[in-house]
Every structure is written in structure tokens, then in C-alpha cells.
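>>> What shape does this take:
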Amino acid sequence: MFENKLVAIVNKELESGVALNAVAHMTLGVGAQLGKDMLRLDNYQDATGNVYPNISQIPFIILRAKSNEIRKTLVAVREMNIAHGVFLDTMTGGTYLEQLERTKNSAEDALIYYGCVLCGAWEQITSLTRKFSLWK
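Next up is the predicted model:
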């Protein structure tokens, strides 16, 4: 068993393209926070010698939830000081500068959570996410 668990919780009301975009952005952010060792990244190589770099040994579990369920989970995540990334509705459309401004000017309770990525102690993450279903 692994010491840490890597989980994405994605808003189940999103279209698949929007959901994949959110997961990509959040995962990049968490990866930057944690680094190669924490994520247990390895380079794979095929018999021809082609290298497939930085693939995590840790399973990456994708779950689904409603925006308000993601919000509630993040309250606990912040209290427990768990590494995480978040993607919001204000982070789409227009330029990144417009997205930054739109987010800055939005009250937290008005935000729509597209998802979050969590990485931390296996049992802690499991206790926070066991109520969610797998993404379909």
C-alpha cells in the first residue's frame, strides 16, 4: 500500500471536456507544490528505448461530486493542511488576467467549484472522499 493518496474530485455537472481541463490545471498545480519525490514519479521505457517521463506510481483516483460537496470537502482539507489544488468557474473564459480579476471579485459562496485535487496521507484522504462515486 502507498503512504499517500492522490484524488481528484470533479463536479459531476461538467461536460467531459471542461472536466478534463479542470483536472489538468489542478494536477499541474499540485504537482508543482509537491514535486517529483512526493508524487513518486518514474520514467518508463519501452523495448525500443523510448522514454515516457514522470509517470506516478501512485494510483490517481477520479471521483465526482456536486459543487457544494467539493466546497465542504475543501473546508476540511484546509483545516487539515492537506496539499490541494482547486479549479473554479471564474477560471474559464477570457484571458488569464480577466480570470484572475473575476476570481478576485467573487465572493467564495458565489463560486462554482469545478473540482479539487488532493494529495496526502492515505487514510486522511480516504476519510474525506469515501462518500463520493467514481467519475463515469
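>>> how about the helices of this protein, start to end?
Assigned by DSSP state H, the chain shows helices spanning 16-39, 67-79, 96-104, 122-129.
>>> what residues does the third one touch?
With C-beta atoms under 8 Å, 6 or more residues apart in numbering as the test, helix 96-104 has contacts from 88, 90, 91, 92, 93, 94, 111. The C-beta positions use only the backbone N, C-alpha and C, and glycine is treated the same way.
>>> tell me the contacts of the residue lying farthest from the centre of the chain?
No residue in the chain sits farther from the centre than residue 48, which is 33.3 Å out by C-alpha atoms, centre = their mean. Neighbouring residues of residue 48 by C-beta under 8 Å, 6+ apart: there are none.
>>> what do you get for residue 65?
Residue 65 touches 9, 10, 11, 12, 73, 132, counting by C-beta under 8 Å, 6+ apart.
>>> with those residues in mind, which one is nearest to residue 117?
Using C-beta to C-beta, residue 9 comes nearest to residue 117 of the contacts of residue 65, at 7.9 Å.
>>> ok, that closest one to residue 76 distance?
Taking C-beta to C-beta, to the nearest Å as the measure, residue 9 falls 12 Å from residue 76.
>>> more neighbours, those two?
Ranked by neighbour count (other C-beta atoms under 10 Å), residue 9 and residue 76 place residue 9 first, with 30 against 12.
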